[in-house]
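S.K.: Here you go, sequence then predicted model.
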Amino acid sequence: MQSVKLNSTITCPECGHSKTEKMPTNACQWFYECESCKVLLKPLKGDCCVFCSYGTVKCPPIQEGQDCCNS
């Protein structure tokens with residue numbers, strides 16, 4: 001069984017700024033403010049959180065094959 005990765009690099013679609021963040025394991029993160037351009041990122045349609053939409057690694061529940069918070 002593969003271990004769950006807790007870090008994901010979010011890339012802002014507006015300005016291209018990237019930052020590695022630690023993902024929460026007990027909740028979905030529905031909003032993320034880009035520290036460069038200050039745009040507020042929200043999950044894309046069909047995704048449960050900003051990590052699934054803009055991150056290099058999907059959120060922990062999705063990695064484990066489970067449904068996430070708002071699925």
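M.R.: Looks like it arrived, so ask away.

S.K.: now the residue most central in space within the chain, what's its secondary structure?
M.R.: The residue at the geometric middle of the chain, judged as the C-alpha nearest the mean C-alpha position with C-alpha atoms, centre = their mean, is residue 51 (0.9 Å). At residue 51, secondary structure determined by DSSP: H, G, I helix; E, B strand; the rest coil is helix.

S.K.: ok, so what distance separates it from residue 58?
M.R.: Distance of residue 51 to residue 58, computed by C-beta to C-beta, to the nearest Å: 6 Å. Any C-beta I mention is one placed from the backbone N, CA and C, and that applies to glycine too.

S.K.: Look up the residues that both of the two are in contact with.
M.R.: Any residue near both residue 51 and residue 58 by C-beta atoms under 8 Å, 6 or more residues apart in numbering counts here, and that gives residue 8.

S.K.: Any regions of the chain where pLDDT drops low?
M.R.: By pLDDT under 70, the low-scoring segments of the chain are 1-2, 69-71.

S.K.: quick one, helices of it?
M.R.: When secondary structure is read from DSSP state H, the chain shows helices at 50-54, 60-63.

S.K.: And those: which comes nearest residue 26?
M.R.: Set against residue 26 and scored by C-beta to C-beta, the helices of the chain come closest in helix 60-63, at 9.0 Å.
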